[in-house]
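[1] Have a look at this fold, sequence not included:
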């Protein structure tokens, strides 16, 4: 691995340019807010990429130099090209970490990695959300207590249609009566995938200390342990490791 | 559910028409050989479909009347249209069972459902394969002993790049020195997916009593428990189940 | 398996004899209330057993003729002998189903099967509990909608210290701000284990139609697929299935 | 965590004193052979403990100062006291790592942590064992290739009666025709458990470079992320986080 983990924060960057209320919360975009807190102490190498850049900001050379990708998207999922989505998926299977935030539950790379609908129910009603730490020993929960709260968030509720997570790190309680598996971890290929629920564009969620800690923890957790570039191939192992008895009726 | 489980056996049906040696083993195609043993006792409603039929044999009305789909493909995976592959995936997530046989590890619907490369290593050398039953309590292993053998098969070896199975029912030992997770079960959406390794086109594997029993068991296991047709949608639950406190600074 | 699933409903039967308020809710004991609804349609063979009977009501002959055991206990866990607890655990590993209800999270057989503390947080405050169905395709959720409510229950909250369930069927929302994985399924040995949260002794929970449906579903799900009586042994497979090369330096 | 991971290598230390052939392979005992390679580079703090010491070498103060425990036992499992076994289990649930080697599949702490029989089949016949790396991205597989071999080992074969592992890192192929899940990882409470199959007392397995690397990797993987000393308790959370509506019929 590189000395510093190389993080690319991807954002569709639409709400923050089109909606004045959102712009007030994230003047330079959600991606820059995330890059800011991740980059603060200098221990990570952080850059950003957005939808409107060439190749959606993710040409092969960016992927090849990314250890962990963070993804935020909402209203423009379809504007990410299939080629780019496939490129991200392939890189995850080779070992890159992938962190899907909030409405990225419906982004192309996450849906491809899950293989399911990734659907859920939702409501925008300024609800209090309390995240319970289910797996206190999980690295992504490091430094947290038993639970923490966000004063106002969009509600996401179950049924969240994803494969049963390898680890369910957080479960949310919502004021309006719903629950949600808000921190879900999976291994896919040689890579690691984490879904983290909070982060609606109209709330200052990404300035919250617990949320920042979780995303930083997730980056460390998702950093590649190994990169396996040829993992998509299906090689013919012509020579056996053990002697194979010649059989009557062999056809080749 | 329907009174009888409705099974559709899909086959690309290419080898059996183009290769004389294969034709000798499966004169009417692998799909008909499978449909034969599944249909014998009349407890299932079985039909077949093949690649060259209209819409690859899988128009919506066939999907809509299928409880469990069995899939065999090898050299023509790319000739299945993306639309049909997406249709199969969607139906599985709604509750249909899906059984991928042998080289179907690389078929479009299975790869989409897994989200991984589904790659492996392979060798054609008439190897003896011994399948060990790992989960003897699993319904798919019903009626089997501790292990059984196939005298000659193609070798598939690890690393098999799939998500860690919910249940690893079988692990194969190969004469040439490899191992393989040969019976893997997953839940995806409301549906169930089973991958079963044996079944190279040039061997009479689908006439083997244990193999037939496993496929029949898998059909029973994969039959829908419930169908959830709207599972892909993301509904707005406008009205909360509990009272939500009005908050200062609410933006809507 | 037997024609009818043979269910034994075990209860410590202490609260209902010592506490007048509880006696009003369950005059003949929780075990009889459960046996009543399970036995109603005659499709199951149901009996009960209680702590004060000889061998805690569970001599070997009772275990040997039980397919699924349901367990309720709370204040007298320690009065179950280690021998009986070991007997129940052993029978589960051979294939018997085990359903732990509510405060049975701390009973000896469940703790032995889990290997963890099985601890949680709790509060008695007449809270509204809403159970969300997470795995709508799971047999234990058959016939339920997206969620259901219990008007008053004891609260159990996370962290519930159990191994990550094979399936998390239900997650509860509590009025007081907590969440809980209320329906958890595991495979252990050849047997199946289900934990179901609701059922505090002072509430009429076991008369609730959804609760009754879930327990009946769980009995069907947990019924043995196969019984493997010798599974605790560690046999020497002296004769190999394949020829083993004689090696220099062999020591025996 | 401490600056250096504190490892305690426990061994029953019976074979090496009673059997001349074994003594030749491990003159100072298996525990010292393991402590030697783990301690070599000074990055770990390593000590040993054995069965015949007071409290089986594991008084509370040893447990309290251990981050990862490695366990080898075979013929004297029953001589470990229940109290010590319970102490080890409790410490794992609080966060300590536990690595069970070879015949430790039947030791008391491992059986308690698993909750199953932990049984298997076995044969002593100088067999070649080939370990395939199933999860190449797993930290315990760091630095390994696709597989490696041990020229002679005791055979352990499936069915290995353990809960389905959170990660199956290795699967073994045996010359005599068996397979085995040889590297199995579980999370239990706040702690991590790893079972590693090789290591029969009469073979020089613990001098093998790959085996040494795996055990060292497992120590790093199993080191506590957090210690949760009170995890066994079941606290009453008297004060709710949210207002609970007073209900008619409330009993307290």
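    That came in fine, so what should we check first? Note that this is a predicted model, so its numbers are computed, not measured.
[2] what secondary structure does the nearest residue to residue A:104 once chain neighbours are set aside sit in?
    Ranked by Cβ to Cβ, 6 or more residues apart in numbering or on different chains and with sequence neighbours excluded, the top spatial neighbour of residue A:104 is residue A:71, at 4.7 Å. To be clear about C-beta, it is placed using only N, CA and C from the backbone, and glycine gets the same treatment. Under the three-state scheme (DSSP: H, G, I helix; E, B strand; the rest coil), residue A:71 adopts strand.
[3] For chain A, list the residues in contact with chain C, please.
    Within reach of chain C by Cβ under 8 Å from any Cβ of the partner chain, chain A has these residues: A:130, A:132-136, A:146, A:157-159, A:164, A:167-168, A:171-174, A:177-179, A:181.
[4] Among these, name the ones in strands.
    A:130, A:132-133, A:157, A:167-168, A:171-174, A:179, A:181 (DSSP state E).
[5] returning to that earlier point: tell me, how many neighbours does the residue nearest to residue A:104 end up with?
    The tally of other residues near residue A:71 (other Cβ atoms under 10 Å in any protein chain shown) stands at 25.
[6] for residue A:144, same thing?
    Around residue A:144 there are 19 other residues, counting by other Cβ under 10 Å.
[7] Make sure it is indeed in a helix.
    No - Residue A:144: not assigned to a helix; according to three-state DSSP it is coil.
[8] contacting residues for it?
    By Cβ atoms under 8 Å, 6 or more residues apart in numbering or on different chains, the residues touching residue A:144 are A:133, A:136, A:210, A:213-214.
[9] Show the model's pLDDT score for it.
    In this model, residue A:144 is scored at 97, pLDDT.
[10] Repeat that for residue A:2.
    49.
[11] Would you confirm that residue A:180 contacts residue A:159?
    No - counting by Cβ atoms under 8 Å, residue A:180 sits too far from residue A:159 to count as a contact (9.8 Å).
[12] joint contacts of those two?
    residue A:120.
[13] Ramachandran angles for residue A:4?
    phi -100, psi 140 (degrees, to the nearest 10).
[14] Repeat that for residue A:96.
    Dihedral angles for residue A:96 - degrees, to the nearest 10 - are phi -70, psi 140.
[15] Residue A:67 now?
    Torsion angles, degrees, to the nearest 10, at residue A:67: phi -90, psi -40.
[16] just the one 10 residues further on next, same as before
    Here is the backbone geometry of residue A:77 (degrees, to the nearest 10): phi -50, psi -40.
[17] Mind pulling up the pLDDT for it?
    Residue A:77 carries a pLDDT value of 97.
[18] of the ones in strands among the residues of chain A next to chain C, list those near chain B.
    Okay, of those touching chain B (Cβ under 8 Å from any Cβ), that's residue A:157.
[19] How about the contacts made by the residue nearest the centre of chain A?
    Nearest to the mean C-alpha position of chain A, counting by Cα atoms, centre = their mean, stands residue A:99 at 1.7 Å. For residue A:99, the contacting residues are A:68-71, A:193-196, A:215, A:218-219, A:222, by Cβ under 8 Å, 6+ apart.
[20] So, low pLDDT: which residues of chain A?
    Where chain A drops to pLDDT under 70, the residues are A:1-2, A:248-252.
[21] Which positions in it make contact with chain D?
    A:95, A:130, A:135-139, A:141-142, A:147, A:166-167, A:175, A:187, A:189-192, A:224-226, A:228, A:241-242.
[22] Please indicate which of these are buried?
    Neighbour-count burial (16 or more other Cβ atoms under 10 Å in any protein chain shown) is assigned, among those, to A:95, A:130, A:135-139, A:141-142, A:147, A:166-167, A:175, A:187, A:189-192, A:224-226, A:228, A:241-242.
[23] Check for me that residue A:151 belongs to a strand.
    Yes - under three-state DSSP, residue A:151 sits within a strand.
[24] And the helices in chain A, which stretches?
    With DSSP state H as the criterion, chain A has helices at A:15-18, A:20-25, A:30-39, A:60-64, A:82-94, A:108-114, A:209-222.
[25] for the ones you listed, which one ends up most surrounded?
    Ranked by average neighbour count under the criterion mean count of other Cβ atoms under 10 Å in any protein chain shown, those are headed by helix A:108-114 at a mean of 25.
[26] And whichever residue of the stretch 1-150 of chain A sits closest to chain D, its phi and psi?
    Nearest to chain D, among the residues of the stretch 1-150 of chain A, is residue A:137, at 3.7 Å (Cβ to the nearest Cβ). With angles defined as degrees, to the nearest 10, residue A:137 sits at phi -90, psi -10.
[27] OK, contacts around it?
    For residue A:137, the contact set (Cβ under 8 Å, 6+ apart) comprises D:95, D:187, D:189-192, D:224-226, D:228.
[28] Please list all residues in contact with residue A:44.
    Listed by Cβ under 8 Å, 6+ apart, the contact set of residue A:44 reads A:4-7, A:38, A:219.
[29] got JSON lines for those residues, with distance to residue A:79 too?
    Formatted as JSON lines, the contacts of residue A:44 follow (distance: Cβ to Cβ, whole Å):
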{"residue": "A:4", "distance to residue A:79": "31"}
{"residue": "A:5", "distance to residue A:79": "28"}
{"residue": "A:6", "distance to residue A:79": "25"}
{"residue": "A:7", "distance to residue A:79": "23"}
{"residue": "A:38", "distance to residue A:79": "25"}
{"residue": "A:219", "distance to residue A:79": "26"}
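[30] The spatially closest residue to residue A:152 that is not a sequence neighbour - how many residues pack around it?
    Leaving out its chain neighbours, the residue that sits closest to residue A:152 by Cβ to Cβ, 6+ apart is residue A:126, at 4.3 Å. The burial count assigned to residue A:126 is 23, neighbours taken as other Cβ under 10 Å.
[31] cool, residue A:78 as well?
    Using other Cβ under 10 Å, residue A:78 is surrounded by 10 other residues.
[32] so how far is residue A:56 from it?
    According to Cβ to Cβ, to the nearest Å, residue A:78 stands 12 Å off from residue A:56.
[33] again with residue A:103
    Residue A:103 sits 17 Å away from residue A:56, taking Cβ to Cβ as the criterion.
[34] again with residue A:63
    As judged by Cβ to Cβ, residue A:63 and residue A:56 stand 11 Å apart.
[35] same thing with residue A:168?
    Counting by Cβ to Cβ, the gap from residue A:168 to residue A:56 is 31 Å.
[36] Also residue A:166?
    Counting by Cβ to Cβ - residue A:166 and residue A:56 are separated by 28 Å.
[37] still on that earlier bit, what's the closest of the helices of chain A to residue B:34?
    Smallest distance to residue B:34 across the helices of chain A (Cβ to Cβ): 29.8 Å, for helix A:108-114.
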